[in-house]
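J.: Build me a model from this:
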Amino acid sequence: MERADRAPVGTFHAPGAWSDVVELDDAAAHHAQVKRLREGDVVRLTSGDGRRAGGTLTTVAKRRLVVTLDGRGVERVPAPVPIALLAPVGDRERMLLLAEKCVELGLSAWHPVVYRRSRSVSPRGEGEQFREKLRLRMISALEQSGGAWLPALHAECAPEEARAAVAGSAGLVLDGEGAPVAALLASLAAPCAIAVGPEGGLEDDERAGFLAAQWRLASLGPNVLRFETAGIAALALLRIHLS
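T.: Residues are numbered from 1 along each chain as shown. Below you'll find the predicted structure:
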């Protein structure tokens, strides 16, 4: 049924192929119940891989949610200019906050990096169970922001492995001793990667590894920032520059 005259009351993540009728999972059904959605409400679907579509709720039950797509077809959203983040393995809640904001800012890939100082953090965000929690937080942010693309989510690795995964990208390492980010933006071209160190900063040999791989040190100013703040600020600046 065409409902172009009504704004969607919610967005639901629906991966996989879509037909004219899309049945969502138990989590979506629960979410609809919490939001007190009803049959006939207009919603939006997002695939996380560049597709969005509008539709109408035709079944709202405790464990079942069905959306019938409207007549406007599926919107194909171009992928954002690729930016990867090498995020430090650190405090769980702060990693989740960073991941959430990265989705809103159109991050392309999330690479959690285990630095030497990561080992002393407790509780830290690592392992399959935490990665699933982080994935769900990213999905929630995608639904809230109405976006179309989820970042590629990778497992924890050492700094050298993360650098190899983004080889060919213009790399910036956030460091108080670096050149101002604003001075570096003009020389940057996609794809790009941002490395954020752990609390307490990179060890000398870890910083040297990035420099040997032709990454550049970039400063966000004189204030000492927590890693999640630094990551959000740097991603926002690069996203504006590359848009």
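J.: okay, CA-based contacts and neighbour counts for the rest of this
T.: Noted.
J.: all strands of the chain, in order?
T.: For the chain, the strands defined by DSSP state E cover 11-13, 21-24, 42-46, 51-60, 65-69, 75-76, 83-88, 109-113, 152-153, 170-180, 192-195, 216-219.
J.: Make JSON lines from those strands and add distance to A233 to it.
T.: Rendered in JSON lines, the data for the strands of the chain read as follows (distance: least, Cα to Cα, whole Å):
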{"stretch": "strand 11-13", "distance to A233": "26"}
{"stretch": "strand 21-24", "distance to A233": "35"}
{"stretch": "strand 42-46", "distance to A233": "26"}
{"stretch": "strand 51-60", "distance to A233": "27"}
{"stretch": "strand 65-69", "distance to A233": "37"}
{"stretch": "strand 75-76", "distance to A233": "28"}
{"stretch": "strand 83-88", "distance to A233": "12"}
{"stretch": "strand 109-113", "distance to A233": "16"}
{"stretch": "strand 152-153", "distance to A233": "20"}
{"stretch": "strand 170-180", "distance to A233": "11"}
{"stretch": "strand 192-195", "distance to A233": "11"}
{"stretch": "strand 216-219", "distance to A233": "11"}
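J.: Any idea which of those strands gets closest to G201?
T.: Distance to G201, taken as Cα to Cα, is lowest for strand 170-180 among the strands of the chain, at 7.9 Å.
J.: Show me which residues of the longest helix seen in the chain are buried.
T.: As far as residue count goes, and with DSSP state H defining each element, the longest helix of the chain is helix 128-145. Buried positions in helix 128-145, judged by neighbour count with 16 or more other Cα atoms under 10 Å: R131, L134, R135, R137, M138, I139, S140, A141, L142, E143.
J.: chain center to it, what's the gap?
T.: Centroid displacement of helix 128-145 relative to its chain, using Cα atoms, centre = their mean, to the nearest Å, is 8 Å.
J.: so how far is L211 from the residue nearest the centre of the chain?
T.: Closest to where the C-alpha atoms of the chain average out (Cα atoms, centre = their mean) is V103, at 3.1 Å. Using Cα to Cα, to the nearest Å, V103 is found at 28 Å from L211.
J.: domains for this protein, by residue range?
T.: With automatic domain parsing serving as the domain definition, the record reports that the chain contains domains spanning 11-76, 83-242.
J.: would you list the ones you listed in TSV and tack on mean pLDDT?
T.: What follows is the domains of the chain, written out as TSV (pLDDT from 0 to 100):
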stretch	mean pLDDT
domain 11-76	94
domain 83-242	96
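J.: Could you export stretch 93-113 as PDB, CA atoms only?
T.: Extracted C-alpha coordinates of stretch 93-113, given in PDB (Å, rounded to 0.1, in the frame of the first residue of the first chain):
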ATOM      1  CA  GLU A  93      31.300   1.100  27.700                       C
ATOM      2  CA  ARG A  94      33.500   3.700  26.100                       C
ATOM      3  CA  MET A  95      34.200   1.400  23.100                       C
ATOM      4  CA  LEU A  96      30.400   0.900  22.700                       C
ATOM      5  CA  LEU A  97      29.900   4.700  22.800                       C
ATOM      6  CA  LEU A  98      32.600   5.200  20.100                       C
ATOM      7  CA  ALA A  99      31.100   2.400  17.900                       C
ATOM      8  CA  GLU A 100      27.600   4.000  18.200                       C
ATOM      9  CA  LYS A 101      28.800   7.400  17.100                       C
ATOM     10  CA  CYS A 102      31.000   5.900  14.300                       C
ATOM     11  CA  VAL A 103      27.900   4.400  12.700                       C
ATOM     12  CA  GLU A 104      26.200   7.800  12.800                       C
ATOM     13  CA  LEU A 105      29.300   9.400  11.100                       C
ATOM     14  CA  GLY A 106      29.500   6.700   8.300                       C
ATOM     15  CA  LEU A 107      32.500   4.700   9.400                       C
ATOM     16  CA  SER A 108      33.400   2.000   6.800                       C
ATOM     17  CA  ALA A 109      35.400  -0.500   8.900                       C
ATOM     18  CA  TRP A 110      36.100  -1.100  12.600                       C
ATOM     19  CA  HIS A 111      39.400  -2.700  13.600                       C
ATOM     20  CA  PRO A 112      39.900  -3.200  17.300                       C
ATOM     21  CA  VAL A 113      43.600  -3.100  18.200                       C
END
